[in-house]
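**Student:** fold the stuff below for me.
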Amino acid sequence: MRAMLDRRSVSPKRLGAPGPSAEQLELVLRAALRAPDHGGLTPWRAIQIPAERRAELAQVFAEEKQRRDPLASADDLQRAREHALNAPTLIAFVVSPRAGVTVPLHEQWLAAGAALGNMLNAFDALGFGAIMLSGDRCSDAPLIASLGLQLGEKFAGFISAGTVLKTPPAAIPKSIGTVWSQWCGAKAEQPQGALD
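**Tutor:** Numbers count the residues shown, from 1 in each chain. Next comes the predicted model:
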């Protein structure tokens, strides 16, 4: 519980080598496969970007930035490239909904999100920092095509993982009362913040 209560996302700029080993990445994926998954559909997949392909992805990022902002400066394009290079481990997370099944689409997305949460928790449990980043590039058709997504799949974002070199700022505490209430019957007014 302590690990889950203390976990927080860590920016790629704060991460460095060493990254997770192949054996540790396998553990992370095994944890993801244990997430709640109605129907056992596994409606997601993960694509590791190997070290020898990171420079190629950096160029894809720069090209995406230029398509989105034709007036982007050289510094802007360099920052876009760095997004592909900062963390020692980079994984594209893809949601792969299954068609023609009885499990509703929104439940498949929830299952993919649960798997993603397990991955981030697993990285933390292994002593690494990690974060999931999405943004405008996740909707860029050429970038999505370069990752080899299939029809019907959605690119959710990139997971960055590595050793925490610089401690992130403290997390902003959130009140349980913002997400918790108690049902008082079909016609009763619902109280908020019962656990504050």
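**Student:** show me where the protein has helices.
**Tutor:** 2-6, 22-33, 54-68, 74-82, 105-125, 141-146 (DSSP state H).
**Student:** for M132, which of the ones you listed is the nearest?
**Tutor:** Comparison of the helices of the chain against M132 by C-beta to C-beta identifies helix 105-125 as nearest, at 6.3 Å. In short, each C-beta sits where N, CA and C put it, glycine included.
**Student:** quick one: the closest one to chain centroid distance?
**Tutor:** 8 Å (C-alpha atoms, centre = their mean, to the nearest Å).
**Student:** ok, now stretch 83-95?
**Tutor:** With C-alpha atoms, centre = their mean, you get 9 Å for stretch 83-95.
**Student:** model confidence over that stretch, on average?
**Tutor:** Mean pLDDT, computed over stretch 83-95, is 95.
**Student:** G177 is nearest to which of the helices of the chain?
**Tutor:** helix 2-6 (17.1 Å).
**Student:** tell me what that closest one is packed against?
**Tutor:** If contacts are counted by 3 or more C-beta pairs under 8 Å, 6 or more residues apart in numbering; DSSP states H and E, helix 2-6 sits against helix 105-125.
**Student:** looking at the helices of the chain, which has the lowest confidence?
**Tutor:** Among the helices of the chain, helix 2-6 has the lowest mean pLDDT, at a mean of 85.
**Student:** buried residues of that one, list them for me.
**Tutor:** Using 16 or more other C-beta atoms under 10 Å as the test for burial, helix 2-6 gives no buried residues.
**Student:** chain center to that helix: distance?
**Tutor:** A distance of 18 Å separates the centroid of the chain from that of helix 2-6, by C-alpha atoms, centre = their mean.
**Student:** same deal with stretch 153-160?
**Tutor:** Distance, centroid of stretch 153-160 to centroid of chain: 6 Å (C-alpha atoms, centre = their mean).
**Student:** identify the residues contacting it?
**Tutor:** 12, 15, 46, 83, 86-87, 89-97, 112, 116, 119-120, 130-135, 138-139, 143-144, 147, 149 (C-beta atoms under 8 Å, 6 or more residues apart in numbering).
**Student:** hmm, F61 and R137 touching each other?
**Tutor:** Yes - with contacts counted by C-beta atoms under 8 Å, R137 reaches F61, the gap being 6.8 Å.
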